[in-house]
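**Student:** Predicted model, plus sequence, below.
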Amino acid sequence: MHIKIKSNIKKFTKRLNKIQRKQIPFATAGMLNDLANDVRTDAIKKSFPEAFEDNNRASRFARAIFRRKFAKKTNLVAEVFDSKGLEYLVRQQEGGLKQPKSGRIAVPSTEIKSKLKGRASYNRLHPRALVNAGKGFISKNKKTVRDKKGKLLYNLVRSANVPKHLKFYESATRIVKRLSGKRFQARLNKALSTAKL
């Protein structure tokens, strides 16, 4: 996702002297970097926690994977990106049909979902981990994973429709629209105050 910021910077700079105009790239880069911080913070504190049932885990996850690449006066582009390049997150943001290249998709039952709401590790509750630990088995028709008592843990399906959960794009866009003017003004004031006359 790319967000472009338009401005009336040419008209604005006509009111500045030569020394002041030199500070515009510094102020613009600073604004973009502030916005990158704002977007990442929002993902950690709002958009991810609101999208998933275990909001504490979602917040920790967002904090762990999101990185920033800051703008410079010679390259006015700032980035907030998923450091692991997870296709899973794109699907959570956009929704759509999930189909594995091979095998089946494990859809958790309410039993598994209830355990995941707590602090249980998904790695320990993964179908393969349960089977390997002797806590579950794959049914003969290879359509379910059940525990020793036969209770359903996972349905194994060829494809699954993933609903849109995340609103990271929408939230990031709102932040940029709402805060870009404020962030630029603050950075410009700072740059002008330190400009050498």
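**Tutor:** Nice, I can see it.
**Student:** wait, isn't Lys72 in contact with Ala29?
**Tutor:** Yes. With contacts counted by C-beta atoms under 8 Å, Lys72 reaches Ala29, the gap being 5.7 Å. From N, CA and C alone the C-beta is placed, and that goes for glycine too.
**Student:** quick one, which of those two is more surrounded?
**Tutor:** More crowded of Lys72 and Ala29, by other C-beta atoms under 10 Å: Ala29, with 21 against 13.
**Student:** So the more buried one sits against Val77, correct?
**Tutor:** No. Using C-beta under 8 Å, Ala29 is not in contact with Val77; the gap is 9.4 Å.
**Student:** what residues do those two have in common as contacts?
**Tutor:** Ala71 (C-beta atoms under 8 Å, 6 or more residues apart in numbering).
**Student:** Show me where the chain has its strands.
**Tutor:** Using DSSP state E, the strands of the chain run over 66-69, 79-82, 96-98, 105-108, 136-138, 144-147, 152-157, 160-162.
**Student:** Can you point out the buried residues in the longest one?
**Tutor:** Spelled out, that is strand 152-157. Leu153, Tyr154, Leu156 (16 or more other C-beta atoms under 10 Å).
**Student:** what about the second one, distance to Leu125?
**Tutor:** So the one you mean is Tyr154. Distance, Tyr154 to Leu125, by C-beta to C-beta, to the nearest Å: 9 Å.
**Student:** now the first one
**Tutor:** Computed as C-beta to C-beta, the Leu153 to Leu125 distance reads 8 Å.
**Student:** what touches both of those two?
**Tutor:** Pro108, Ile112.
**Student:** got CSV for the buried residues of strand 152-157, with pLDDT too?
**Tutor:** Supplementary listing: those in CSV, determined by pLDDT from 0 to 100:
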residue, pLDDT
Leu153, 92
Tyr154, 92
Leu156, 91
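**Student:** which one among these gets closest to Thr194?
**Tutor:** Thr194 lies nearest to Tyr154 out of the buried residues of strand 152-157, by C-beta to C-beta, at 59.6 Å.
**Student:** In contact with the closest one, which residues?
**Tutor:** Ala106, Val107, Pro108, Ser109, Ile112, Pro127, Thr144, Val145.
**Student:** can you pick the most crowded of the residues you listed?
**Tutor:** Most surrounded of these: other C-beta under 10 Å gives Val145, at 25 neighbours.
**Student:** Could you check how far Ser59 is from Pro163?
**Tutor:** Ser59 is 21 Å from Pro163, by C-beta to C-beta.
**Student:** Counting neighbours, go ahead and name the busier of these two.
**Tutor:** Ser59 (17 against 8).
**Student:** quick one: contacts for that one?
**Tutor:** Here Ser59 is in contact with Ile44, Lys45, Phe48, Pro49 (C-beta under 8 Å, 6+ apart).
**Student:** Without its sequence neighbours, what residue ends up closest to the second one?
**Tutor:** If the residues on either side of it in the chain are set aside, Lys45 comes closest to Ser59, at 6.8 Å by C-beta to C-beta, 6 or more residues apart in numbering.
**Student:** Thanks a lot, catch you later.
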